[in-house]
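K.L.:
I'll drop the sequence and a predicted model, then ask my questions.
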Amino acid sequence: MRTNLVAGLMALIAAAGLVGGSLLEGFTVWHVAFVAVGLVLPVLGWLLAARRPDVPYGRLLLAAAVCFGAGIFGVGLVGRVPGLAAPSMVAMVVFYALTWVYVPLLFPEGRLPSRRWRPVAWGAGVAAAVHAAGVLMAPLFLGGSPDVTDPVQLTGVLAATVGQLTVWVSGWVVLGGLVLRWRRSRPPERSQYGWMVAGTTATQVGVLLAYFFLFGGIALPVVGVAGALAMLGALPGAIVVAVVRHRLLDLRVGLRGSRLLLVFDVRPTVQEVLSSLGPELEDSREPVEQLGRLAMAVRTGLETRWAAVTLADGRRVVSGPEDGPAAITLPVLGGQGRIECGPRAHGRLSGEDRRFLEALAVPAGLAIQSAGLATRLVNAQEAERRRIERNIHDGVQQQLVALIAGIELARATGGGTGTLGNLREQARQTLADLRELAAGIHPSALSQGGLVEAVEERCARLPVPVQVLAGRELRAERFPDEVEGAMYFTVSEAVANALKHAGAARIEVRLSREEGRLGVTVTDDGTGFEARPGVLATLADRLDALGGGLRVESGRGEGTRVDAWVPVDG
């Protein structure tokens, strides 16, 4: 909003200066044409600055328009306020430097094509400053002729002449660079550069015509008018054509409704796409739907016929009819998949389109990774639910059935002490199994005593020596339930694997908190294995969902080390 306001004020100031100066001079037919051509620059600058605030080129055009408006307004006031002659000419000096050198040099994004152009940019800036200093030292062109017998005014004449000539020569150098950029570019940039070459050439020709009219003895007014209009309108006209016909800076121009209202639009930036896509991804709980929203955003942003997001596991979601080969294919962050785009609905995909997709590929990778993580978590939760169901059905449920049958038999036969003793042992075993099952879901010690106490209780029941190390301050500290649960089950799974698969004779569990992380390390002296990606994947996904991570280090005969951590506040 602030950028649009500043751009609007600059355009208004430039237009007011141009119209006001022309009115002060009489506003003849010549002035009408002059104002009509001159207004193109501030309007165009406002359009680019308002619709593409991320690109400084529009502000560059507005700066040139403001200088020109101020200069013309100063010319109109010269007869009434003589002291404005030099300042108004200084404004025109800046306008010449901007339009002859910087507007074509910084085309189309307001940045230098490469570092090699820095000497030209700095040299033209210094020359423009010398030209402006010369104007202040001698009343050139406005308010009378300089006194060449005055050393100060003579120095001003020389400085102004050398400065303006250097700026003009720099403009020809920039024109040569534009021609090279035009020849090396590809469609549609080639057409955009072509119009800028034409506009810059017309501007330089206009400068020659104006000088011939002023100093070359050519008294034909048409020569002066043609030169002035070319200097003023050639570059803005070329940029307008590049916008209307070749979508410069992704600006789109069209007609809306029966009133033939001219509409200017622009392709959204990556930030705008992500801002609109974020809430949609939050509302889409299914991973496939999230990928579909992402593919649609890519297709809409690039205006392609179709776009597809393909995951590493082969799943593929396509937005639009896939009626041809992909025009662009890019991998996303982390090798999680790739983004493909079909041909554009109108025209060809440009280098700017590819850069747009490359910028979008980074957050797209995060979205794909998030979708994959959500899928794995859902699968892990389903697998855990089935494990609990199976343990209840095959273990505790069967024990309870046997216990009930034994009680019924004892009641029918009047069972003695031995029978009741067996039933009591069965009940105790069932209770122990229920406690073990409950500990696998969420142990009571974790809710009551905290993480360290729950880990110590879990490790105390193991058949091998387990050493639990934790600082005194950590024993009294509590963390969110999801954090304590994730760390507890990481320890539980790690020690269970050490017993079942590694044949460990000694296990060490170390809990720590440092640098905003709650960490746990489980080491054993077991047989070890060849560590590979995907080990303890369910636990890794659970920790990843909390912003943490898990690392497994092992080797044949070297034991195993499991490191896990999650971020904590405070």
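P.N.:
Cool, got the structure.

K.L.:
Now Pro463. Its backbone dihedrals?
P.N.:
When read as degrees, to the nearest 10, the backbone of Pro463 gives phi -80, psi 0.

K.L.:
what sits up against the helix or strand hosting Ala129?
P.N.:
In the assignment (DSSP states H and E), Ala129 maps to helix 118-137. Identification of contacts with helix 118-137 by Cβ atoms under 8 Å, 6 or more residues apart in numbering yields 86, 89-90, 93-94, 96-97, 101-102, 105, 112, 140, 152-153, 155-164, 166-167, 170-171, 173-174. C-beta: built from backbone N, CA, C; applies to glycine.

K.L.:
Output that helix as CSV, restricted to C-alpha atoms.
P.N.:
Written as CSV, here are the backbone C-alpha positions of helix 118-137 (Å, rounded to 0.1, in the frame of the first residue of the first chain):
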residue,chain,number,x,y,z
ARG,A,118,29.6,-0.7,-13.4
PRO,A,119,32.3,1.6,-14.9
VAL,A,120,29.7,2.8,-17.5
ALA,A,121,27.1,3.5,-14.8
TRP,A,122,29.5,5.3,-12.5
GLY,A,123,31.1,7.2,-15.4
ALA,A,124,27.8,8.4,-16.6
GLY,A,125,26.8,9.4,-13.1
VAL,A,126,30.0,11.5,-12.6
ALA,A,127,29.5,13.1,-16.1
ALA,A,128,25.9,14.0,-15.2
ALA,A,129,27.2,15.6,-11.9
VAL,A,130,29.8,17.6,-13.9
HIS,A,131,27.1,18.7,-16.3
ALA,A,132,24.9,19.8,-13.5
ALA,A,133,27.8,21.7,-11.8
GLY,A,134,28.5,23.5,-15.1
VAL,A,135,24.9,24.6,-15.4
LEU,A,136,25.0,26.0,-11.9
MET,A,137,28.2,27.9,-12.7
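
K.L.:
Can you identify the element that follows it toward the C-terminus?
P.N.:
Counting by DSSP H and E, what follows helix 118-137 is helix 151-184.

K.L.:
re earlier: among the contacts of helix 118-137, name the buried ones.
P.N.:
Buried by 16 or more other Cβ atoms under 10 Å: 86, 89-90, 93-94, 96-97, 101-102, 105, 140, 153, 156-157, 159-160, 163-164, 166-167, 170-171, 173-174, out of these.

K.L.:
could you pull out the strands for the chain?
P.N.:
Secondary structure of the chain (DSSP state E): strands located at 251-256, 261-266, 307-311, 316-319, 328-331, 337-341, 466-470, 507-514, 517-524, 549-554, 560-567.

K.L.:
Neighbours of the residue lying closest to Leu518 once chain neighbours are set aside, how many?
P.N.:
Once flanking residues are discounted, Leu518 sits nearest to Val568: 4.7 Å by Cβ to Cβ, 6 or more residues apart in numbering. Using other Cβ atoms under 10 Å, Val568 has 17 other residues around it.

K.L.:
Distance of Val568 relative to Met487?
P.N.:
10 Å (Cβ to Cβ, to the nearest Å).

K.L.:
So for those two, which residues contact both of them?
P.N.:
By Cβ under 8 Å, 6+ apart, the residues touching both Val568 and Met487 are Leu518.

K.L.:
Ramachandran angles for Ala504?
P.N.:
phi -70, psi 140.

K.L.:
Over to Ser114?
P.N.:
Dihedral angles for Ser114 - degrees, to the nearest 10 - are phi -160, psi 170.

K.L.:
Just the pLDDT at it, thanks.
P.N.:
In this prediction, Ser114 carries a pLDDT score of 90.

K.L.:
same thing with Ala15?
P.N.:
93.

K.L.:
Please apply the same query to Ala36.
P.N.:
Ala36 is given a pLDDT of 90.

K.L.:
Tell me how far it lies from Ala531.
P.N.:
For Ala36, the distance to Ala531 - Cβ to Cβ - is 75 Å.

K.L.:
if you count what's nearby, which of the two comes out ahead?
P.N.:
The neighbour comparison of Ala36 against Ala531 (other Cβ under 10 Å) goes to Ala531, with 15 against 11.

K.L.:
In a markdown table, list the strands of the chain along with mean neighbour count and distance to Asp481.
P.N.:
What follows is the strands of the chain, written out as a markdown table (neighbours: other Cβ atoms under 10 Å; distance: least, Cβ to Cβ, whole Å):
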| stretch | mean neighbour count | distance to Asp481 |
| --- | --- | --- |
| strand 251-256 | 13 | 52 |
| strand 261-266 | 12 | 47 |
| strand 307-311 | 24 | 32 |
| strand 316-319 | 19 | 35 |
| strand 328-331 | 15 | 38 |
| strand 337-341 | 24 | 33 |
| strand 466-470 | 17 | 19 |
| strand 507-514 | 18 | 17 |
| strand 517-524 | 21 | 13 |
| strand 549-554 | 17 | 19 |
| strand 560-567 | 22 | 12 |
